[in-house]
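1. Would you be able to build a 3D model of this:
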Amino acid sequence: QVQLVESGGGTVQAGGSLTLSCSASGSIVTINAMGWYRQAPGKQRELVASINNVGSTNYADSVKGRFTISRDNVDNTVYLQMNSLKPEDTAVYYCNARGYHSSPGLLTPRQYDAWGRGTQVIASS
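-> Okay, the predicted model is just below:
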């Protein structure tokens, strides 16, 4: 299976910056896409940014120009640089990875859709 571990959350004043990181480990064959989602209290989880295995990125309109997603394919790590944070960015941020993994007894790789446990980001006004 595949495990994701996030780090980098915290509390900053509005206008400040934080960088989140997420490392993937396990029986990984491929990581086709990695991304960050967030969930604020009382709201549904939403996509913040994603990046595929050739570096194409996608951002939510609310973070365009402020957040930057990047990926290290050697270390299987994805980063989210968050600048000009706003109080409405306050949420639990979750890392996601999708691809194929191997497993003992499997002849061919299987798809996975893995999630991290989340890291809290608070931007105080």
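2. bridging residues for the closest residue to Gly10 other than its chain neighbours?
-> Closest residue to Gly10 apart from its sequence neighbours, by C-beta to C-beta, 6 or more residues apart in numbering: Leu18 at 6.1 Å. Bear in mind the C-beta positions are built from the backbone N, C-alpha and C, glycine included. The bridge-partner assignment for Leu18, based on DSSP bridges, gives Met82.
3. what do you get for Ala24?
-> Bridge pairing for Ala24 - DSSP bridges - gives Leu4.
4. So it sits against Met34, correct?
-> Yes - applying C-beta atoms under 8 Å, one finds Ala24 in contact with Met34, separated by 7.4 Å.
5. what about the strands in the chain?
-> Using DSSP state E, the strands found in the chain span residues 2-7, 10-13, 18-26, 28-39, 46-52, 57-59, 67-72, 77-82, 91-101, 110-115, 119-124.
6. Can you say which of those is packed in most?
-> With neighbours taken as mean count of other C-beta atoms under 10 Å, the strands of the chain reach their highest mean count in strand 77-82, at a mean of 22.
7. tilt between that strand and strand 91-101?
-> Interaxial angle of strand 77-82 relative to strand 91-101 (axes from the mean of the first three to the mean of the last three C-alpha atoms, to 10 degrees): 150 degrees.
8. Now do strand 77-82 and strand 119-124, the angle between them.
-> Going by the same axes, to 10 degrees, strand 77-82 is angled at 10 degrees with respect to strand 119-124.
9. Put the alpha carbons of strand 77-82 into PDB.
-> C-alpha atoms of strand 77-82 as PDB (Å, rounded to 0.1, in the frame of the first residue of the first chain):
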ATOM      1  CA  THR A  77       7.200  14.500  -2.300                       C
ATOM      2  CA  VAL A  78       4.800  17.200  -3.100                       C
ATOM      3  CA  TYR A  79       4.900  20.800  -1.800                       C
ATOM      4  CA  LEU A  80       2.500  23.600  -1.500                       C
ATOM      5  CA  GLN A  81       3.900  27.000  -1.000                       C
ATOM      6  CA  MET A  82       1.200  29.300   0.400                       C
END
